[in-house]
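**Q** sequence first, predicted coordinates after that:
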Amino acid sequence: MMGIGESIGDAIFENLGRAAGRVQENKPLPADLLESEDAYLVVFDAPGATASDLQVRYVADRVEVRLDRFREFYDDYEMKYPGRGLALDGSVTLPEDAVVEAEAASATLKGDGTLHVRIPKAETDDEPVAEQTAHEAGEDADVAADADEE
């Protein structure tokens with residue numbers, strides 16, 4: 001039989017775990033947007049993530065990332081409160097005049113806990129009619145996340 005002190009302690013731990021989980025889930029993934037002559041690079045912080053934890057999509061003019069990290073279970077231990085599971089979202093909008101090849105985008109999970117999403121720029125003609133921004137194209141592409149052993 002469990003005493004009142006134990007049940008109160010369990011309730012406190014359970015509520016602390018739920019509160020910690022809500023705080024974690026309300027934080028967006030931090031990200032940087034970089035540009036070179038031939039591509040855009042979006043770098044997200046994704047600590048402790050594996051490639052299977054990540055979903056990366058390019059929607060209209062935005063890179064969207066969803067991280068669902070599940071905690072490990074340990075033999076001979078009972079979960080008192082789940083505080084390490086993590087579900088975070090992040091997104092970065094490319095510049096309004098960006099012209100990209102979304103279907104050629106790639107995502108690489110680096111050993112330092114960052115996710116690098118590279119979106120190559122599209123080759124454009126000098127003719128204004130041929131140019132189409134990512135937003136106008138309405139492109140929507142899933143990008144596979146690969147793990148990199150750096």
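**A** Cool, the structure landed.
**Q** in the chain, which helix or strand is least confident?
**A** Lowest by mean pLDDT, DSSP states H and E among the helices and strands of the chain is helix 134-137, with a mean of 41.
**Q** and the helices in the chain?
**A** Assigned by DSSP state H, the chain shows helices spanning 4-25, 134-137.
**Q** out of the ones you listed, which gets the lowest mean score?
**A** Per-segment mean pLDDT for these reaches its minimum on helix 134-137, at a mean of 41.
**Q** ok, now which ones touch the closest residue to Arg57 other than its chain neighbours?
**A** Ranked by C-beta to C-beta, 6 or more residues apart in numbering and with sequence neighbours excluded, the top spatial neighbour of Arg57 is Glu64, at 4.8 Å. Where C-beta positions appear, they are placed from N, C-alpha and C, glycine not excepted. Shown in contact with Glu64 (C-beta atoms under 8 Å, 6 or more residues apart in numbering): Val56, Arg57, Tyr58, Asp89, Gly90, Ser91.
**Q** do you know how far the spatially closest residue to the fifth one that is not a sequence neighbour is from Val117?
**A** In space, not counting the residues next to it along the chain, Gly90 is nearest to Leu29; the distance is 2.9 Å by C-beta to C-beta, 6+ apart. In this structure, Leu29 and Val117 are separated by 11 Å, where distance is defined by C-beta to C-beta, to the nearest Å.
**Q** what about the chain, any weak spots by pLDDT?
**A** Applying pLDDT under 70 to the chain picks out residues 1-27, 71, 80-85, 125-150.
**Q** now do 90
**A** Low-confidence segments of the chain, defined by pLDDT under 90: 1-29, 46-53, 60, 67-88, 113, 123-150.
**Q** contact partners for Gly48?
**A** For Gly48, counting by C-beta under 8 Å, 6+ apart, the contacting residues are Arg69, Leu86, Gly113.
**Q** which of these count as buried?
**A** Arg69, Leu86 (16 or more other C-beta atoms under 10 Å).
**Q** Val117 pairs with what?
**A** Under DSSP bridges, the beta-bridge partners of Val117 are Val42, Ala107.
**Q** so Ile31 sits against Thr93, correct?
**A** One thing to correct before we go on: residue 31 is Ala, not Ile. No - Ala31 is beyond contact range of Thr93, at 10.6 Å (criterion: C-beta atoms under 8 Å).
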